[in-house]
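Engineer: when you get a sec, could you give me coordinates for this:
(chains A and B)
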Amino acid sequence: MQLVIITFFLLPLLGFLLSLAFKNHQEKQISGVAIATSGLHMIFTISFFIYWLTQGSPTINIHLLTIYKSEEFKFGFDLFYDKVSAVYSIVTSIIFFIVSIFSKTYMHRESGFKRFFNHYLLFYTGINLLIISGNFEFLFVGWEIVGITSFLLIAFYRERYLPVRNAMKVLSFYRLGDVALVGAIWFCHHLFETNITFFELGDTPLLYDATHHHPIQGIIISLLFIQATAVKSAQLPYSSWLPRAMEGPTVSSAVFYGSLSVHIGVFLLLRTYPIWANVDAAKFIIIFVGLITATISSFIGKVQPTAKTQIAYSSISQIGLIFIEIGLGWHTLALVHFAANAFLRTYQLLVSPSIMSYLIHEQFFKYDPNKKQVFSFLPPKLYNTLYMLSVKEFNLDFIWYQYIWLKFKKFGKSFHFLRSKIAEVTFFILMLIGVLFYLIFPIDGIQKYEFVSWIYSAIALILILIAWTERVSSVRSWVYIAISQVFFMLSIVQQHSFELIHILFYLSGTLGSFIVGIWCLKRVKSENNNISLNEFHGHIYEHPKIALLFLLCALTMIGFPISPTFLGLDIMFSDIELEHRFLLITSSLTFIFLELSVLRIYARIFLGMHLKTYHEVAFRNS
Amino acid sequence: MNNDKMKVFDLDHSIHEIKHYLPSQMTLKDFVHHNTLHPFQNEKFYEGIFRASKIFGYKVTLQLNDYRRLFKLNRIKRNVIERVIINRKGSANLEYWLNNVLTKSYDENKNPRIGKLRDNWKRVYKIDIDLLVHPLLYRILCAYLDQGISLWNFPDSDKGFLEIIRSMEKNSAASFFRTNKVRQLLFDTNVTIERLLSRIVGDENYYEQYLFDLCFSHRGWCGMVSVIEDNPNALLIKKSITLKELIHFELLMELDMLDLELGKDWKPLAENKIEPHIDILAPTELTELDIVLKIWQDAFEWSYYDDVFSGINANISKPKAIDQKSKFQAVFCIDERECSIRRHIEYVAPECKTLGAPGFFGVEFYFKQQGAKFIDKLCPAPVTPKFLIKEYDVEEHRHEDVIFSENSHKMVKGFFATFALGFLSLIKMFQTTFRPKMSPSISDAFSHMDKYGKLTVENQNLTDIEDGLQVGFTVDEMTTRVENFLRGIGLVDKFSDLVYIVSHGSSSANNPHHGAHDCGACSGRPGCVNARVFCIMANHPKVRAKLSSNGIHIPDSTIFIAAMHDTASDLIGYYDDENLTGAHLKLHNDVKENFEAALDLNAKERSRRFASINTLQDIKKVRKAIEDRSVSLFEPRPELGHGTNTLAIIGRRSLTRGLFLDRRAFLNSYDYRTDLEGKYLANVMAPIGVVCGGINLEYYFSRVDNLKLGCGTKLPHNVMGLVGVANSSDGDLRPGLPWQMIEPHDPVRLLVLVEHFPEVVLKVIQSNPAMYEWYKNEWVHIAAFHPETKQFYYFKDEQFLSHHAEPSDLVAVENVHHIFEEAPEMITNHITHATFENLPIYQIENNIECN
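Structural biologist: The predicted structure follows:
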C-alpha cells in the first residue's frame, strides 16, 4: 500500500511528458492535462493524508530501488513521508490545481502557451520529488529541477532583455544555494560515512554521536544548510533576487515566487532539523537571519510602490518569521504559517492587477492630505535614512553585483591572456599527461603527488572563469567549459581509485552535448549570424529548434538529471576526501560557474532582444 | 559665454521639443485614447509615420511579408492594388511597381537615429550606463509619484521633486548617490543641466542629441513626468515634478555612476572618437520600401472600404417602409460596440428607432460621488467643464476587500494578518475560480453612481460654487444643452412615449486598463451619470417649455429614461424608472423585455470571438458566460474594447439600418434635413477626429508595433504606483494598448462618412484647423454622401471628388444569427489568422424601416 507514494511524483511526471505531445494551439488538451494532473494529484494527496492519519500518522520510509551502488557510494531512490511532506504536498497540489484552471484562460493565445504548461508541470514534478524524496541525492534532483524551471519561467518572455537578464541574476543567486547544498550533502556523506536517508536522520543516537564527535563539522554542515535555505527562501543577504524574479506571467509569479518556490528553503530547514537540532550556534543563526530579514524586508516592503514587489517583500518578511519559528522549534506553527503565507501571497499576486482600480477607488474616498504619515514620530533624519535605504533595498543588489560578481569577473578576466594558441596547446598536453598519469601509474603512486590534483582542479576553475567572462567567442567559451570539465574530472580521479564506469558515466553526457553544442553554434553562425558573447542576440526568433537542442546540451553539460553525467558528477563529488579542502573549494566554485557560464552562452546567443529589427522588437528596458 | 554668439544649445527649446515627441498617455485612471504618433500629425500620414520610424525605430505598418500573405489569402485584392498603384504612380508604371510590391525583397531592418550617441558609453567605455542608473531611478520616481501602494511615503511632497531630494539628502545618513562629489553637486544650486552636460558630454553640439537619447532611453517614465507636469490633475495626490528636474537628477545619477565606474579621469563622451552629432529631428526621406508599404496599406484599407461604399449604396436603394410613430426611441453612444446592440434591438423590436451620439449626451460636467474626496470629469477630454454635479442621499456603503489590507504587508500585524487572510484566500481562490461573482476588487461600471442616489442637476443659486465650479445647471443652460443635442442627432419631432438614453460602461476584473473600456466621450468613465443628467434635464417642465418656444415640441406624454449598457457583461441598468405608471410602465416593461432579448443576441454575437464560450449552446447560457467573464479574475479579455473599429458614419440610420457592419462602425445620428446649413454639423464633427480617430489610431499603432507602441501582453504587467504598468520590477512604464485588446483589430485607418452636401462638409471641417488637420493630412479618411444625388464624394487633396462605388457583391442573409455560429475563430493572433475573424458586410433582409 505504501508503494502508492510514488504517485506523488509519478503523476506530475506523466502529466509533464503528456503535455509535451501537443502543439501550441491545442490549448484545451494542454491545459486539460495540467488540470487533470493537478486535480487528480490534489485528490490523491488529500486522500493519502487522510489514510495516513488513520494509520496513526507514521513516518513512512520506502527504499524503492538502488540506482547505483559501489563500496563507498550508494545512490538509492528512497521515499519519505511525514508531517512536513504532508503539509507541503497538500498545499502544493491545491495551489497547482487552482492556478492550472486560472492559467487555462489567463494564458489563452499566448505564444508560449505550451511552453508555460511544460515548465509548469516540470516544476510540479520537481517540487514533488523534492517533497517526497527520502535522501539528499533525490532531494537535490528535485531542487535542481526547480532551479532550472525557475530560470526558464523567469525568462519566459525570452524575446525581451530584462526577463533574460533577471533570470541569469536569479540563477546566480540560486547557484550559491546549490553549492551550499552540495557541500552540505558532501559533508554529511563523510560525517555519517554513508549516503544517509532522512529516515536514518531520525535516529537520534547516530546523529548525536556524529555531531558530538565532530562539533566543527556539525557547525559547518548546519551553516551550509542554512545558506542553501536562506538563498532559496530569499532571506538576507540574498533577498534581492525575489522581486526581480517577477518577470513571467502573473500566474507563474504567483506559484513560484509568491508561494511555492520561495518556501522550499523552509522545507529544507525542516527536513534537516535533526542535523542542526543539537547545534546551538545553528539555531541562533537561523533565528538571527529570520529576525533581521523579517525586520529589514518589512521596511523595504513598506516603501515598495509597485504591486508585485510589495508582495514579494511582504512574503520574505513572513518567511523570516517562519525561520524564527523553526529556530525556536515551533514546527507545527511554522507549517501552518507556511500554508497561510503561501495561500495569501498566491492570491494576492493573482489579484495584483486589480490593485489599480481598487486602490484608486480607495483614495477617491479615503484620501486625507492631513493624515500623518506612518512613523512620522521618528526624527526626520532617521526616517529619511530608513526610507532611502529601503528604496535602495539596503544596497543589497548593488553589493552583490559590485563586491561579489564583479570581483569574480575581474579575477576571471585576469586570466584572459590564457586565451592564446600556446596556452591552448599547453592545456591539451596537460590533459594528455593527466590521462596518462591515470592510466599508467597505480593509484597509490599518484596519490603521493596531491599537488597535481590541486593544480588540475585550479586549472579547471580558471578555465571555467575564463569561459564565464569570455566576451567574444561563444565557441571558445563552450570549448573551455568542456576542457574545464575534463580537468575537473582529472583532478578527482588522480586522488581516488576510480572505476572506469564512473568516468564513462561522467563523460557520456558531457562529450555528446559538447559536440552537439558546437554544431548548434556553428549552425547558427553559418547563416551569417553574429554569435559573440558581447550581447544578447535573440537568435531563438529564427532558430527555435536549434535553441531547444542547445538548451538540452547545456542542461546535460551541467549535470541536469537527464543523462548519466548527473550520476557521474554526484559520485565524483562524494569522492572528494574530507582532507582535501582545497579541492573541495575549487570544485565547488567550478560547480557554481559551470552552470552560470553554460546558461550564459544559451542566454546570450538565443535569448534576449533579437538584433534583427525587421519585426517587432521590444525596447531594451521594457 | 559671449551673449552675442548664437547659442548652439538652448535647453528650454530642447526640452520643449522632447516633450512634444514623448508619449502622452495619461495615468491609467484616466485612460483617454489618442493618436499614439500625434507629434507627427502635422505631416501627412505616411510621411509622418515613416519619419517616426526612422527617428525612433517604431514599426509603423505591417511587415511586408504579412501584406503579401494577406494578398495570397485574398484579404487584399489584386484589383485594389492595381488601382492604388495607378492612382499613385500612373498606369505607365503599373508593371514596375506591381513587381516591387509583390515580389521584390527589401531589407526591413530599422536603424533609428535615437540612442546612437549614448550607445558610445558601451562602445568606448564598456559600461552599460542605463543598467547602472535606470533601476534605482525608476524606483525613486515611482516612489515619489506613488498614489497609494506603498505604506511609507516620500517625505514632504510639496516642494518639487529636486528640492525634496535635496532636503532628504541633507537630512539623512544614507544617500541615493555613491560618490560624495556628486552629492555635493546636487546641493549646489549653481549647477545647471548645461554644466552637467559639459562634464558628461563635453561638446555643446551634442547636447540636444544627448538629451533626446537620455529621455527616450526610458520614454515611459519621461512621458509620464511630462504629462504630470502639464496636467497636474493626472494625479489624485498631487506631486510637483518637471521633466527638467528629472533630467537634472538623472544626469547627476549618471555622473555619479560614471565617476564610480571609471574613476576620476575620464574624458567627456564627445571628446572620444565618435561619430559626428546628428540632428534627431532633421528631415527624412521616403525609401522605395516605404512607398511599397504605403501601396500595400492603401490596398489593405480599400479592400475593405470598397465593400462599405457598395454596401451602403445597395442598402439605400432598398424599398423603405412607411413613416410611422416609433414604439420607442433609444439613443446610444456612437461607440462601435453599440453598433451591434442597436442592430439587435431593431431586430427584436422592428418598430423602434435607434440613434447614436457621443456618450456624454451633450452635458459636460464634473461629478462628485457622495463621500468622495475628488471629482471625475465626465465629458470628452479636450473639454473643460464649468459645472459640478453632486451625488447625495446614497444609503448603500462601499464594500472593502480585506485582501488588499495594508496589514498583510507589515511584519508583526502581518503575522496575524497572514494567518487570518491566508486561509480566507484559499476559500476565495476556489470561489473566484469556480463561481466568479462581483466583488469590491472588481471595477464595476454600475458602482460609478448609486442607482437610488440623487443628483444636483438644477442649480439653486448662482453663488453655489464648489471647487471653483457651479453646482448644477440653470434652466437656460439646461435648455441649450438639450436643444443642441436633439438638433445634433436630428430628433426634433415624432417623439415616442419613451425615449431611452443609453450610456455605456464596462466592468472588468484584474484589469489595470479597465478605463480604456469605458466611455471615451466621458474621459474613460462609465456614462451613466451623463445619461441620467440629460434625462433629468429633458424631463424638466421648465426646460420643455423653453424648448417649445425654441421650436422643439416634446409632448407631455414623452418621458426620457436613462440607462446604462455594460459592454463587458451585457447587462443593462435603468435609472429613475421607479416613478413610471400606467401605460408608460407597461410599455417600459415591454421594452425591458426587448432589451433583454437584444442583449442575449448581442452576447451571442460577441461570444463568437471568445474561445472559452460555445456560441452554439443555449443562448441564456451564452449570456451567463459573458456575464461571468466580466467578473473573472483569470480573464484577460473581459471584452475586446474598440478592437476592429474602422468606420464612422454620420447620418441617418437609413444609411446603415439593414447592414451588418460587424461592430466596426461608430454611428452618429444626424439628419441633414434639420440642418441644411451645417450649423450643428460642426458640433457633431468636432469629436469625430479626436475621439474616434484617436481611438482608431491608437489601435492601429498598438497593433502594428505592439512591443514599442503598445504595451505588450498584459500577463506580466506590474502596477506601478497606480499611475501605469511596467513589466516586472525594473522595467520602464509601458504606455499603449495590450495585446489582449488589439488582437482582432485590422490596422486600417478610420473612414468617416458624412451624409450631407460635400460643400457643406468641406466648409464644416475647414472651420476648425485642428479638426481639419486630421483629414487634410490623411490620418483619417473622409467621404461625403450626397443626400440628393446619392453619390459618394471622397476627400483628397483638400477637395471632395466624386467617388464611384465598386459594384456590390454583397451577400444577403435572412438574419445574421447563424453567421455567428459559423464564423471562423483565429488560430493564433497573427494578423493573417486574426483578420479572418472580421466578417464581410452583409445585407440583412426583412428589416423594417421606420422613420
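Engineer: name the SS class of B:E578, please.
Structural biologist: Assigned by DSSP: H, G, I helix; E, B strand; the rest coil, the conformation of B:E578 is coil.
Engineer: can you pull the phi/psi pair for it?
Structural biologist: Here is the backbone geometry of B:E578 (degrees, to the nearest 10): phi -70, psi -30.
Engineer: check the gap between it and B:Q369 for me.
Structural biologist: Distance of B:E578 to B:Q369, computed by C-beta to C-beta, to the nearest Å: 21 Å. Backbone N, C-alpha and C define where each C-beta goes, glycine included.
Engineer: more neighbours, those two?
Structural biologist: B:Q369 (23 against 9; other C-beta atoms under 10 Å in any protein chain shown).
Engineer: can you pull the contacts of the more buried one?
Structural biologist: By C-beta atoms under 8 Å, 6 or more residues apart in numbering or on different chains, B:Q369 lies in contact with A:364-365, B:376, B:391, B:394, B:448-449.
Engineer: is any part of the longest helix along chain B close to chain A?
Structural biologist: In chain B, assigned by DSSP state H, the helix with the most residues is helix B:288-316. No. Using C-beta under 8 Å from any C-beta of the partner chain, we find that helix B:288-316 stays clear of chain A, coming within 10.5 Å at best.
Engineer: circling back to that earlier point, of the contacts of B:Q369, which is the most crowded?
Structural biologist: In the contacts of B:Q369, the most neighbours by other C-beta under 10 Å go to B:M449, 30 neighbours.
Engineer: check contacts around it.
Structural biologist: B:367, B:369, B:391, B:455, B:526, B:528-529, B:532.
Engineer: buried ones in stretch B:601-615?
Structural biologist: Of the residues in stretch B:601-615, B:601-610, B:612-613, B:615 count as buried by neighbour count, 16 or more other C-beta atoms under 10 Å in any protein chain shown.
Engineer: please parse the chain into its domains.
Structural biologist: Using chain A. Using automatic domain parsing, the domains assigned to chain A come out as A:2-357, A:414-606.
Engineer: switch to chain B, that's the one I care about
Structural biologist: If you go by automatic domain parsing, chain B breaks into B:11-17+B:114-271, B:41-112+B:284-297, B:318-395+B:440-844, B:402-434.
Engineer: checking B:A563 next. Helix, strand or coil?
Structural biologist: strand.
Engineer: just for chain B, where's the confidence low?
Structural biologist: Scanning chain B for pLDDT under 70 picks out B:1-6, B:156-157, B:319-324, B:808, B:846-851.
Engineer: one more time with 80, if that's ok
Structural biologist: Residue ranges of chain B with pLDDT under 80: B:1-7, B:155-158, B:317-325, B:396-398, B:805-809, B:815-816, B:845-851.
Engineer: which single residue in it comes nearest to chain A?
Structural biologist: B:G422 (2.6 Å; C-beta to the nearest C-beta).
Engineer: how about the nearest residue to that residue, chain neighbours excluded?
Structural biologist: With C-beta to C-beta, 6 or more residues apart in numbering or on different chains as the criterion, B:G422 has its nearest non-adjacent residue at 2.6 Å, and that residue is A:A340.
Engineer: touching, the one you found and B:A417? I think so.
Structural biologist: No. In this structure A:A340 lies outside contact range of B:A417 using C-beta atoms under 8 Å: 9.4 Å.
Engineer: gap between the residue of chain B closest to chain A and A:I322?
Structural biologist: 12 Å.
Engineer: list the residues that contact both of those two?
Structural biologist: Taking C-beta under 8 Å, 6+ apart as the contact rule, B:G422 and A:I322 both touch A:N341.
Engineer: tell me the contacts of residue 176?
Structural biologist: I went with chain A, as the question did not name one. Shown in contact with A:L176 (C-beta under 8 Å, 6+ apart): A:227, A:231, A:238, A:592.
Engineer: wrong one, I was asking about chain B
Structural biologist: Per C-beta under 8 Å, 6+ apart, neighbours of B:F176: A:388, A:391-392, B:136, B:140, B:165, B:169, B:253.
Engineer: next one: A:V391
Structural biologist: Listed by C-beta under 8 Å, 6+ apart, the contact set of A:V391 reads A:303, B:136, B:139-140, B:143, B:176.
Engineer: show me which of the residues you listed is closest to B:K327.
Structural biologist: Using C-beta to C-beta, the shortest approach to B:K327 within those belongs to B:A143, at 58.3 Å.
Engineer: can you tell me the element the closest one falls in?
Structural biologist: Per DSSP states H and E: B:A143 is located in helix B:129-145.
Engineer: that helix and chain A in contact?
Structural biologist: Yes. Using C-beta under 8 Å from any C-beta, helix B:129-145 comes into contact with chain A via B:130, B:134-136, B:139-140, B:142-143, B:145.
Engineer: output those residues in CSV; the columns should cover neighbour count.
Structural biologist: Shown next, in CSV, are the residues of helix B:129-145 next to chain A (neighbours: other C-beta atoms under 10 Å in any protein chain shown):
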residue, neighbour count
B:D130, 20
B:H134, 21
B:P135, 19
B:L136, 19
B:R139, 22
B:I140, 20
B:C142, 26
B:A143, 22
B:L145, 26
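Engineer: which of those sits closest to B:F212?
Structural biologist: Set against B:F212, the nearest of the residues of helix B:129-145 next to chain A by C-beta to C-beta is B:D130 (14.6 Å).
Engineer: phi first, then psi, for the residue of the stretch 451-600 of chain A found nearest chain B.
Structural biologist: Closest contact between the stretch 451-600 of chain A and chain B, by C-beta to the nearest C-beta, is at A:E535 (8.6 Å). Backbone torsions for A:E535, taken as degrees, to the nearest 10, come to phi -150, psi 180.
Engineer: got a list of what it touches?
Structural biologist: Listed by C-beta under 8 Å, 6+ apart, the contact set of A:E535 reads A:604, A:608, A:611.
Engineer: could you do B:I559 as well?
Structural biologist: Residues in contact with B:I559 (C-beta under 8 Å, 6+ apart) are B:497-499, B:539, B:580, B:584.
Engineer: one step back: format the domains of chain B as JSON lines; extra columns: distance to B:S310.
Structural biologist: Listed next are those as JSON lines, based on distance: least, C-beta to C-beta, whole Å:
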{"stretch": "domain B:11-17+B:114-271", "distance to B:S310": "42"}
{"stretch": "domain B:41-112+B:284-297", "distance to B:S310": "13"}
{"stretch": "domain B:318-395+B:440-844", "distance to B:S310": "4"}
{"stretch": "domain B:402-434", "distance to B:S310": "48"}
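Engineer: chain A contacts on the stretch 751-851 of chain B?
Structural biologist: Residues of the stretch 751-851 of chain B lying near chain A by C-beta under 8 Å from any C-beta: B:826-829.
Engineer: which PyMOL command selects the buried ones in those residues?
Structural biologist: Remark: buried members of these, expressed as a PyMOL selection using 16+ other C-beta under 10 Å:
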select buried, chain B and resi 826+829
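Engineer: now the strands for the stretch 301-450 of chain A?
Structural biologist: Counting by DSSP state E, counting those that start in this stretch, the stretch 301-450 of chain A has no strands to list.
Engineer: name the residue of it that lies nearest to chain B.
Structural biologist: Closest to chain B within the stretch 301-450 of chain A is A:A340: 2.6 Å, counting by C-beta to the nearest C-beta.
Engineer: in the stretch 251-400 of chain A, where is pLDDT below threshold?
Structural biologist: A:258, A:368-378.
Engineer: let's see it at 90
Structural biologist: A:253, A:255-261, A:272-282, A:302, A:329, A:354-384, A:386, A:393, A:395-400 (pLDDT under 90).
Engineer: what number of residues lie near A:Y506?
Structural biologist: 28.
Engineer: and it, what does it touch?
Structural biologist: By C-beta under 8 Å, 6+ apart, the contact list for A:Y506 reads A:489, A:564-565, A:568-569, A:571-572.
Engineer: B:V201 touches B:A270, doesn't it?
Structural biologist: Yes. Between B:V201 and B:A270 there is a contact under C-beta under 8 Å: 5.2 Å.
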